[in-house]
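# fold the following.
(one chain, ligands or ions: 1)
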Amino acid sequence: MKDNLQHLRYWEESVEIETFKSWCHKEQGWKDFIIDEIEKDEPRRVLDIGCGTGHMGLKIVSLPYFSDKHEYVGTEITDKFVKYNKNQGLTCLNTDFLKLPYKDRHFDVVICLDVMNHQIEYEDRVLELLRVTNKKLIFSFHLNWVQYPYIEQRRGHIHHHLSLNKFLTFLKTRANLGLEEEIRGVSFPNPPISKYGPHGGWHTRPQVIIIEPKRD
Ligand SMILES: C[S@@+](CC[C@H](N)C(=O)[O-])C[C@H]1O[C@@H](n2cnc3c(N)ncnc32)[C@H](O)[C@@H]1O
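Numbering: from 1, shown residues only. Here you go, the predicted model:
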């Protein structure tokens, strides 16, 4: 596969940790929704792909059910975020997710929030996540950026590559191949809805996609 990871240097080279945190650590209803999705299953092992500076990780390891018998693993391609996460006590692997060092279905829940839309080569990465997922694989996209296919230039980096429509088409194609993944979409409209609002501004209209693979 011809995959150029250079554009993923954006966070390492152009974003300060405090700036990143001001974007990603905001309280946002759709993230609470995902925490609720995790908590109701009480998964033993959770994988957080592209975990940033650990906003979700800190929430997950603080859930009342979570004990030292449970496992949280974050992954990051941005070195300084890996160091930051380790310093705050989170397990964090410095890796892309084309090939993960885990056996099939190792993780009960895998989350991958606002990461897929940055990938040029996404198909094999999605398949790898499906491989290590036991029960639930959760993605998020933000419709204001990725509803339509487009590429955004940001400080010399091509930033968003994958549109939601293209991604959904890929998932459905996989389902047509007989894998029978169950795909559930949850839209968060702007203005806010119910107990998961409010949200707005920078992160508007998140689309959450939950895949619960049917296993034999
Ligand atoms: C928009 S941020 C989202 C961070 C976090 N998931 C959240 O929702 O707050 C995207 C993150 O994914 C990481 N990332 C992007 N591509 C990656 C890849 N192929 N492997 C691992 N991490 C990646 C970036 O370093 C960045 O921290």
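# please count neighbours and contacts with C-alpha atoms only from this point.
Noted.
# tell me where the protein has strands.
45-49, 71-76, 92-94, 107-113, 133-142, 153-154, 157-158, 181-187, 206-213 (DSSP state E).
# mean neighbour count added to the ones you listed, as JSON lines?
Formatted as JSON lines, those follow (neighbours: other CA atoms under 10 Å):
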{"stretch": "strand 45-49", "mean neighbour count": "23"}
{"stretch": "strand 71-76", "mean neighbour count": "22"}
{"stretch": "strand 92-94", "mean neighbour count": "21"}
{"stretch": "strand 107-113", "mean neighbour count": "24"}
{"stretch": "strand 133-142", "mean neighbour count": "22"}
{"stretch": "strand 153-154", "mean neighbour count": "11"}
{"stretch": "strand 157-158", "mean neighbour count": "16"}
{"stretch": "strand 181-187", "mean neighbour count": "15"}
{"stretch": "strand 206-213", "mean neighbour count": "21"}
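# quick one: these as TSV, columns for mean pLDDT and distance to the ligand too.
TSV is the format used below for these (pLDDT from 0 to 100; distance: least, CA to the nearest ligand atom, whole Å):
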stretch	mean pLDDT	distance to the ligand
strand 45-49	98	6
strand 71-76	98	4
strand 92-94	98	8
strand 107-113	97	4
strand 133-142	90	8
strand 153-154	56	13
strand 157-158	56	12
strand 181-187	75	16
strand 206-213	85	11
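# nearest to residue 7, out of those strands?
Residue 7 lies closest, by CA to CA, to one member of the strands of the chain: strand 157-158, at 5.3 Å.
# who's the nearest residue to residue 61 once chain neighbours are set aside bridged to?
Residue nearest to residue 61 in three dimensions, not counting chain neighbours: residue 72, with 6.9 Å by CA to CA, 6 or more residues apart in numbering. Residue 72 has the following beta-bridge partners by DSSP bridges: residue 46.
# going forward, the N-terminal residue is numbered 644.
Shifting the count to begin at 644 puts that one at residue 715.
# contacting residues for residue 715?
688-691, 700, 703-704, 733-734 (CA atoms under 8 Å, 6 or more residues apart in numbering).
# which of the residues you listed sit farthest apart?
688 and 733 (13.6 Å).
# which neighbours do these two share?
Common contact partners of residue 688 and residue 733 (CA under 8 Å, 6+ apart): 715-716.
# need the residues of the chain near the ligand, please.
The chain has residues 651, 654, 667, 693-695, 718-721, 738-740, 756-758 near the ligand, with proximity defined as CA under 6 Å from any ligand atom.
# one more time with 8 Å, if that's ok
Listed as neighbours of the ligand in the chain under the rule CA under 8 Å from any ligand atom: 648, 651-655, 666-668, 691-699, 718-721, 724, 737-741, 755-759, 761-762, 783.
# drop anything exposed from those.
651, 653-654, 667-668, 691-699, 718-721, 724, 737-740, 755-759, 761-762, 783 (16 or more other CA atoms under 10 Å).
# looking at those, which are in helices?
Those of those mapping onto helices are 653-654, 667, 698-699, 724, per DSSP state H.
# for the residue nearest to the spatial centre of the chain, give the beta-bridge partners.
By CA atoms, centre = their mean, the chain has its centre lying nearest to residue 755, at 1.5 Å. Beta bridges link residue 755 to residue 692, residue 782, judged by DSSP bridges.
# residues touching it, list them.
Taking CA under 8 Å, 6+ apart as the test, what residue 755 contacts is 691-694, 780-783.
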